[in-house]
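Undergrad: After the sequence you'll find the predicted model.
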Amino acid sequence: MGQKADFAAERLRMVERLVASRYIQDPRVRDAFLAVPREAFVRPEDADAAYEDVPLPIGRGQTISAPSMIAIMLEEARLAPGDRVLEIGTGSGYHASLVARLVGPQNVVSIERIPRLAEWARSNLARAGLSGVTVVVGDGSLGYPERSPYDCVMVTAGAPEIPDPWRLQLSPRGRIVAPIGPRSGQVLIVATRKADGSLDVREGTPCAFVPLIGARAWSA
Ligand code: SAH
């Protein structure tokens with residue numbers, strides 16, 4: 001008994017709260033949250049807080065997003081099995097693991113600029129049984145052309161604007177889900193690629209992500 005059973009019960013309660021508050025609406029998103037142990041993606045000293053709906057520090061001034069924020073993004077992304085997804089800002093690997101549950105691990109590539117976090121995320125993903133997810137080190141403000149086109153580009157760090165490489169690496173009906181706006185606070189945008197290659201941009205929830213740092217984003 002003990003910790004493992006407690007975590008499972010806490011996970012179920014967290015998911016029930018996210019469903020009750022309607023952050024989670026799609027049963028497939030619910031099942032993904034139920035399947036991924038968030039305690040494997042936080043620092044050991046924060047394990048007790050793993051199922052609170054709050055962002056948690058993961059070192060280097062970065063954070064794992066609050067579950068409700070991730071739920072909003074996953075609902076907006078409308079991922080189907082087999083969709084090819086680029087996540088920008090791997091952090092702990094938790095968001096990537098939820099995406100992997102929805103589309104299949106081999107369809108997910110996640111890019112992180114801090115090598116030590118990428119290394120940590122890989123080991124977290126392996127512990128969660130999702131080592132099929134590809135984690136690469138690099139500047140996601142330029143996308144990741146090597147594995148394009150993507151049906152969805154999901155960004156978990158705040159960018160001043162949508163850099164052109166993200167649009168150019170989308171499949172014909174691909175989507176970008178990203179926090180866009182000033183460093184101090186952003187709006188979650190959902191941008192869909194139109195037939196002429198331009199983007200149809202819709203603005204959603206206000207949010208506050210750590211900054212995306214890179215050639216086409218903020219400077220360090
Ligand atoms: N999705 C993560 C949390 C992301 S925090 C999770 O589930 O835990 C944002 C992450 O974006 C940080 O790890 C930060 O280092 C990374 N980041 C910032 N700028 C980046 C860039 N240009 N390319 C890739 N990663 C970046």
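TA: Perfect, thanks for sending it.
Undergrad: So the most centrally placed residue in the chain, which state does it fall into?
TA: Geometric centre of the chain, nearest residue: residue 95, 3.7 Å, by C-alpha atoms, centre = their mean. Assigned by DSSP: H, G, I helix; E, B strand; the rest coil, the conformation of residue 95 is helix.
Undergrad: Surely it touches residue 157?
TA: No: if you go by C-beta atoms under 8 Å, residue 95 and residue 157 don't touch, sitting 10.9 Å apart. In short, each C-beta sits where N, CA and C put it, glycine included.
Undergrad: so who does the residue nearest to the centre of the chain touch?
TA: By C-beta atoms under 8 Å, 6 or more residues apart in numbering, the contact list for residue 95 reads 64-65, 70, 73, 87, 89, 110, 154, 156.
Undergrad: So which of those sit within strands?
TA: Judged by DSSP state E, strands contain the following of those: 64, 87, 110, 154.
Undergrad: Name the residues of this structure found near the ligand, please.
TA: With the criterion set to C-beta under 6 Å from any ligand atom, the chain comes near the ligand through 62-65, 88-89, 91-92, 94-95, 111-114, 117, 139-141, 156-157, 210, 212-214, 217.
Undergrad: Buried only: go through these for me.
TA: 62-65, 88-89, 91-92, 94-95, 111-114, 117, 139-141, 156-157, 210, 212-214, 217 (16 or more other C-beta atoms under 10 Å).
Undergrad: now the strands for this protein?
TA: Ranges of strands within the chain are 56-59, 62-64, 85-88, 108-112, 134-137, 150-155, 170-180, 186-193, 199-207, based on DSSP E.
Undergrad: The closest residue to residue 24 other than its chain neighbours - how many residues pack around it?
TA: Spatial nearest neighbour of residue 24, chain neighbours left out: residue 18 (4.4 Å); criterion: C-beta to C-beta, 6 or more residues apart in numbering. Counted by other C-beta atoms under 10 Å, the residues lying close to residue 18 total 21.
Undergrad: ok, now residue 28?
TA: Counted with other C-beta under 10 Å, residues neighbouring residue 28 total 14.
Undergrad: Now do it against the ligand, distance only.
TA: Going from residue 28 to the ligand by C-beta to the nearest ligand atom, to the nearest Å gives 18 Å.
Undergrad: so who does that residue touch?
TA: Residue 28 makes contact with residue 102, according to C-beta under 8 Å, 6+ apart.
Undergrad: So for it, what's the pLDDT?
TA: According to the prediction, residue 28 has pLDDT 98.
Undergrad: The one 5 residues further on now?
TA: On pLDDT, residue 33 comes in at 98.
Undergrad: Let me know how buried it is, in neighbour terms.
TA: Using other C-beta under 10 Å, the number of residues around residue 33 comes to 22.
Undergrad: how about the nearest residue to it, chain neighbours excluded?
TA: Excluding the flanking residues, the one nearest residue 33 by C-beta to C-beta, 6+ apart is residue 15, at 4.9 Å.
Undergrad: these two touch, right, that neighbour and residue 35?
TA: No: Residue 15 is beyond contact range of residue 35, at 10.1 Å (criterion: C-beta under 8 Å).
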